[in-house]
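> test case, fold it:
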Amino acid sequence: MKDYFAILHIPNGANRDEVQQAYRRLAKKYHPDVSHLPDAHEKFCEITEAYEYLMTHWQRFAGDQHATGFTHSHYDDFFRSDEYARFRQDVHDRARQQANMRYEKFRKQHEAFQESGLNDIALLFTIVMRLFSAALCLFLFLAPPVLALALHWSWILAAPFAWPFAIGIAWYYFDNRIHYFMPGKLYYTPRRIWQMFASLQPSAHDCHYCKGKQANSRPYKMELFRIKEIKFRMGGFRQQQVNYQNDMVTIYIPRSRKAFLVHTTSSLLKVLLIVTCFFAMDISSHPWRIITGAFAGGIFSAIIQAFTRTRSHVSYLFTWGFIIRLAIWLTGIAFASRFSSAPFNIVSTDYIYFAVIAIVVFDSLIMQLTGLLMGKAADKPLVRQYPEVTLHMNEGYAAYNDIPVLSFVYPLFKWIFG
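Below you'll find the model as predicted:
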């Protein structure tokens, strides 16, 4: 005889909320998509069976809404009936179908994540950090004897402190020596990049970005969100939790090869100018180096787009609300900086850290205030958009949600990388 309460790791007589919480916790642990255990699928079916039984037979076997649980006689009667065989088969079929559907959804999300380039950026960052750790390991090994020979013998006394760390790093390398410096495969290989630029994808639509051109390249993918529900859970001091449920719509805007090349060039130019200004510009303030590089990238990108008569693919980010928030960001950073003209220089004061933290934390609040004061005009792009995009924005969809960090980082990331 099965004890469904024991399968879900909850006491006999647990209420419906406890049953649901236990099922969600165990489903995340044993779902075939995330679990590497050999019996994950059977475990998932088993906990699904227990959950379905307890939730669908609650009234029938417990008697009323205030019942505390099930007696053993309820189980005995159910397991001896033919209904149990049909119920078990039906639940297992639904669990298998659910697992397959979730895997397909997971696969599509993973492909979309790779196509966005975020996977390659994270992978390159991981490789750089691991190369840096290798250089650090060599430095810890060689620095004491080299400094002792070159400067003074007393540097060798640093070896008992440096070498244990170096040995620990080297031992970690040895344990993870397989594919350590190449933890994954890059999605955008040279061949794939070449295919993106060289391959044609004929379409019956006209290019939205270049007037008079046929759409024959990769369409621009835009995702719009609309908050469907906000769930707030209070579990005591420092145990608050907020969950956003969104309606999401994906729009593919037709684009010609010319527009694709111009947009790609604009993104590369922005990255190049931001990096160049950050490392080569002769001012003391690092935030203002980035700001100057972004401003220069925007100016040169606009010149290229005007010269080639190509519309920007990120113009939907520039709304009245975003312009106001951008002005507030720059004003806050300016107040936390000192400017001098002879010679020209910008120095960040100690208040710059407070300004940056305040921008990240309170940006979503400013976004809410602009929306409250300006209404729909706050989220309306300054430039005319693709008709389908305009239609969904009029229905309340937006390019991103007003969540801290996301509302600050996401528009900047999309403006740079598209």
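> so Gly212 sits in a helix?
No: according to DSSP: H, G, I helix; E, B strand; the rest coil, Gly212 belongs to no helix; its state is coil.
> what distance do you get for it to Arg218?
19 Å (Cβ to Cβ, to the nearest Å). (Each C-beta comes from the backbone N, C-alpha and C, glycine too.)
> select the helix or strand of the protein having the lowest average pLDDT value.
Within the chain, no helix or strand scores below helix 58-62, which has a mean of 48 by mean pLDDT, DSSP states H and E.
> the more surrounded of Gly212 and Arg218?
Comparing Gly212 with Arg218 by other Cβ atoms under 10 Å, the one with more neighbours is Arg218, at 20 against 8.
> spell out the secondary structure type for that one.
Arg218 ends up coil, using three-state DSSP.
> do Phe225 as well
Three-state assignment for Phe225 (three-state DSSP): strand.
> what does Ile346 give?
Applying three-state DSSP: Ile346 is strand.
> quick check: bridge partners of it?
Phe339 (DSSP bridges).
> just checking, it touches Trp288?
Yes: using Cβ atoms under 8 Å, Ile346 is in contact with Trp288, at 4.6 Å.
> more neighbours: the two, which one.
Trp288 (23 against 20).
> helix or strand: which one has that one?
Using DSSP states H and E, Trp288 sits in helix 286-308.
> list the buried residues of that helix.
Judged by neighbour count (16 or more other Cβ atoms under 10 Å), helix 286-308 contains these buried residues: 287-294, 296-298, 300-301, 305.
> may I ask which two of those are separated the most?
Greatest spacing in these, by Cβ to Cβ: Pro287 and Gln305 (26.7 Å).
> can you give me every residue that contacts the spatially closest residue to Ala215 that is not a sequence neighbour?
Nearest residue to Ala215, sequence neighbours excluded (Cβ to Cβ, 6 or more residues apart in numbering): Pro254, at 3.3 Å. By Cβ atoms under 8 Å, 6 or more residues apart in numbering, the residues touching Pro254 are 203, 205-208, 215, 219.
> and the buried residues of helix 286-308, which is closest to Arg338?
Nearest member of the buried residues of helix 286-308 to Arg338, counting by Cβ to Cβ, is Trp288, at 10.7 Å.
> can you redo the buried residues of helix 286-308 as TSV with pLDDT and distance to Ala50?
Formatted as TSV, the buried residues of helix 286-308 follow (pLDDT from 0 to 100; distance: Cβ to Cβ, whole Å):
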residue	pLDDT	distance to Ala50
Pro287	90	55
Trp288	92	60
Arg289	93	58
Ile290	92	54
Ile291	92	57
Thr292	94	61
Gly293	94	57
Ala294	93	54
Ala296	95	61
Gly297	94	56
Gly298	93	57
Phe300	94	62
Ser301	94	57
Gln305	94	59
